[in-house]
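Student: Provide a 3D model corresponding to the input given below.
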Amino acid sequence: MNSGDGQTATYRIVTINGGRGACRLIRKFLDSGHNVTSIVNAYDDGRSTAELRRAFGILGPSDVAKTAIAMADPRIERIGALISVLEFRFPVDIDDQTLHEQLQEFAVTCRPPFWFDTLSRYLERYDLPPQLMDCIQAFIKHEKANPRGPVQLKDMAFRNLVLVGAFLSSDRSWRKAISVFCDIVGARGRIVLASEDNRWLVGVREDRSVERNEAEISEKSGARLEHLYSLRVPHARLSDYWSAVRQHVGVLRSLPRQYLVGVLARTWLYRLLDSRPRATTAAIDELLRAEFIVYCPGTLYSSILPTLMCQGIPKAMARSRARKVLLLPLAKDRDMENLDDLDVVKTILKYLGARDPCEYAKYIDVVLADSGQWALNDVRPDFSEIERAGIVVMFGSIRDEETPTLHDPAAVEHEILEAHHLPRRSLNVERPERPSAKIRR
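Tutor: Residues are numbered from 1 along each chain as shown. I've put the predicted structure just below:
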């Protein structure tokens, strides 16, 4: 889309995203010159992230680090090589004690261990950023003094170690740590945390089965997820609460512990302990200043909804004058296997607090779907319920032809910016079909 003087118009765009689902789109926005801010929650706890959270009692660094790397410019040769270094994972076939010793030796001598081949190749041509070495040294220093014991380095993503080192060397300030990490990778956009309150996610399915952490929520299949809770303590520590309940509620003392855990954990206890985190001031400010807010594709119950659950986010979304666009996923992650596209929209609205259809258009102006997704049977899903509420549903040819499960970033950008011209709260709008919006047969 062009501005009046023939130049390509640029906008202040805020993305609601996790670590991987929006990387290509964010990079395209930045390549086009837009001012991009990503609002990311830090409640991931899979693989090495879970180990870092256990060891230091902190938020999960993974999605923040992935988003910062997505904001770097890999076309710059040095940055591309540095990204390869940061994406490296520690080997799993070497014992942890040896890994620690070799990491400490590297921090002193700047000679990489034999297994860190990507770093060796990088150092043949470039010097490491001084801030990166400071982060590694800070990580080692704080780990030695950590009362919870050493961190297991096997399969640890190097980017996570560096970001945690930046956090520990910045007086445990996430704002400062993110700034340091973004400087290291040359991020062209801004990242703000949805909240700095430490929480752990728990999901309860319709069949009352429980997913005890973010990793299980995003990786396991099963019945539809009915409730998502954010707890102040990891699920593994909830036994402390079981004990307290049994001591103070006499009728429960005689019940077997298995019954107490099996029944209460799946009913009122999660709701009792649910503690919605407070949104950061930076996140709210960015939402209020945005010209576009884009709900990006990703893992719904771990990447998107935890951000929307933060106190202050729904109100800021409703107050924002930005054009709010929901980009529907092309391939659903396991947490969305039992949801159709309309379910995805309504689930997001539910966690934003929109109980009545008259409130829907406060939070979403446009739903963007791929026109070719239903080409085989020539049937589109029935979006009439949300259209009557004032949400415009746009269909465009936005699928990447080479990788059909991914969006074409250029096509998505074009369709999103086209939404700038649509009237707000357009009830039952019939938009004329453009070539990009025709269903392929």
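Student: can you map out the strands along the protein?
Tutor: 12-16, 35-40, 190-193, 200-205, 210-211, 225-231, 292-295, 323-327, 366-370, 392-396 (DSSP state E).
Student: nearest to residue 405 among those strands would be which one?
Tutor: strand 366-370 (10.9 Å; C-beta to C-beta). All C-beta atoms are positioned from the backbone trio N, CA, C, and that covers glycine.
Student: in its sheet, what does that closest one sit against?
Tutor: Strand 366-370 has the following strand partners under DSSP bridges: strand 323-327 (parallel), strand 392-396 (parallel).
Student: what sits against residue 290?
Tutor: 12-14, 37, 320, 322 (C-beta atoms under 8 Å, 6 or more residues apart in numbering).
Student: for residue 405, give me the pLDDT.
Tutor: At residue 405, the model reports a pLDDT of 87.
Student: look up how far residue 370 lies from it.
Tutor: Look at residue 405 and residue 370: by C-beta to C-beta, to the nearest Å, they are 11 Å apart.
Student: picking that back up, where among the strands of the chain is average confidence lowest?
Tutor: Among the strands of the chain, strand 210-211 scores lowest, at a mean of 88.
Student: how far off centre is that strand?
Tutor: Here strand 210-211 is found 20 Å from its chain centre; the criterion is C-alpha atoms, centre = their mean, to the nearest Å.
Student: now swap in stretch 222-231 and tell me
Tutor: On the basis of C-alpha atoms, centre = their mean, stretch 222-231 sits 17 Å off its chain's mean C-alpha point.
Student: list the contacts of that stretch.
Tutor: The contact list for stretch 222-231 (C-beta under 8 Å, 6+ apart) reads 43, 199-207, 209, 211, 217, 238, 270-271, 273-277, 301, 305-306, 309, 335, 338-339, 351.
Student: out of those, list just those in helices.
Tutor: Among these, the residues falling in helices (DSSP state H) are 217, 270-271, 273, 305-306, 351.
Student: just the residues you listed now: which is nearest residue 185?
Tutor: Nearest member of those to residue 185, counting by C-beta to C-beta, is residue 306, at 24.1 Å.
Student: so of the strands paired with strand 366-370, which one's packed in deepest?
Tutor: Stretch with highest mean neighbour count among the strands paired with strand 366-370: strand 323-327 (a mean of 24; mean count of other C-beta atoms under 10 Å).
Student: just the contacts of residue 290 now: which is nearest residue 191?
Tutor: Distances from residue 191 to those, taken by C-beta to C-beta, are shortest for residue 37, at 7.4 Å.
Student: what's around the closest one, how many residues?
Tutor: Applying other C-beta atoms under 10 Å, we find 22 residues neighbouring residue 37.
Student: so it touches residue 11, yeah?
Tutor: No: taking contacts as C-beta atoms under 8 Å, residue 37 lies outside contact range of residue 11: 11.5 Å.
Student: next one: stretch 318-327 to chain centre, how far?
Tutor: Counting by C-alpha atoms, centre = their mean, stretch 318-327 is centred 18 Å from the centre of its parent chain.
Student: what about that stretch, start to end distance?
Tutor: Chord length of stretch 318-327, first to last residue, is 18 Å (C-alpha to C-alpha, to the nearest Å).
Student: what does stretch 191-204 give?
Tutor: Stretch 191-204: ends 30 Å apart by C-alpha to C-alpha.
Student: check stretch 303-318 too.
Tutor: Stretch 303-318 stretches 20 Å from its first residue to its last (C-alpha to C-alpha).
Student: start at 11 instead
Tutor: In the new count, where the first residue is 11, that last one comes out as stretch 313-328.
Student: what is the least confident helix or strand in this structure?
Tutor: helix 267-274 (a mean of 54; mean pLDDT, DSSP states H and E).
Student: who touches stretch 167-183?
Tutor: With contacts defined as C-beta under 8 Å, 6+ apart, stretch 167-183 is touched by 57-59, 62, 66, 68, 71-72, 74-76, 78-79, 95-100, 141-142, 144-149, 151-152, 163, 184, 186-188, 190-191, 194.
Student: buried subset of the residues you listed, written for PyMOL?
Tutor: In PyMOL, this line selects whichever of the contacts of stretch 167-183 come out buried by 16 or more other C-beta atoms under 10 Å:
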select buried, resi 57+58+59+62+66+68+71+72+74+75+76+78+79+95+96+98+100+142+144+145+146+148+149+152+163+184+187+188+190+191+194
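Student: how about residue 302: what's its closest non-neighbour residue?
Tutor: Counting by C-beta to C-beta, 6 or more residues apart in numbering, residue 302 lies nearest to residue 23, which is 4.6 Å off, once chain neighbours are set aside.
Student: and that neighbour, how many neighbours?
Tutor: Using other C-beta under 10 Å: residue 23 sits among 27 other residues.
Student: would you agree it is in contact with residue 306?
Tutor: No: under the contact definition of C-beta under 8 Å, residue 23 does not touch residue 306, with a separation of 10.6 Å.
Student: okay, now the closest residue to residue 379 other than its chain neighbours: neighbour count?
Tutor: Closest residue to residue 379 apart from its sequence neighbours, by C-beta to C-beta, 6+ apart: residue 338 at 4.7 Å. Neighbour count of residue 338, defined by other C-beta under 10 Å: 20.
Student: same question for the one 4 residues further on.
Tutor: For residue 342, the tally of surrounding residues (other C-beta under 10 Å) stands at 18.
Student: before we move on, what about residue 379?
Tutor: When neighbours are counted by other C-beta under 10 Å, residue 379 registers 23.
Student: coming back round to it: could you dump the contacts of residue 300 into TSV with distance to residue 121 added?
Tutor: What follows is the contacts of residue 300, written out as TSV (distance: C-beta to C-beta, whole Å):
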residue	distance to residue 121
22	45
23	43
24	43
47	39
330	51
332	50
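Student: pick the one among the residues you listed closest to residue 116.
Tutor: The closest of the contacts of residue 300, once distances to residue 116 are taken by C-beta to C-beta, is residue 47, at 34.3 Å.
Student: the closest one bridge partners, please.
Tutor: Applying DSSP bridges to residue 47 yields these beta-bridge partners: residue 24, residue 200.
Student: list the contacts for it?
Tutor: Contacts of residue 47 by C-beta under 8 Å, 6+ apart are 22-25, 199-202, 296, 300.
Student: all helices of the stretch 61-210 of the chain, in order?
Tutor: Along the stretch 61-210 of the chain, counting by DSSP state H, counting those that start in this stretch, helices occupy 72-80, 87-96, 106-119, 127-133, 140-154, 168-178, 184-195.
Student: can you give me the domain assignment for the chain?
Tutor: Structural domains assigned to the chain are 55-203, 210-283, 301-447, following automatic domain parsing.
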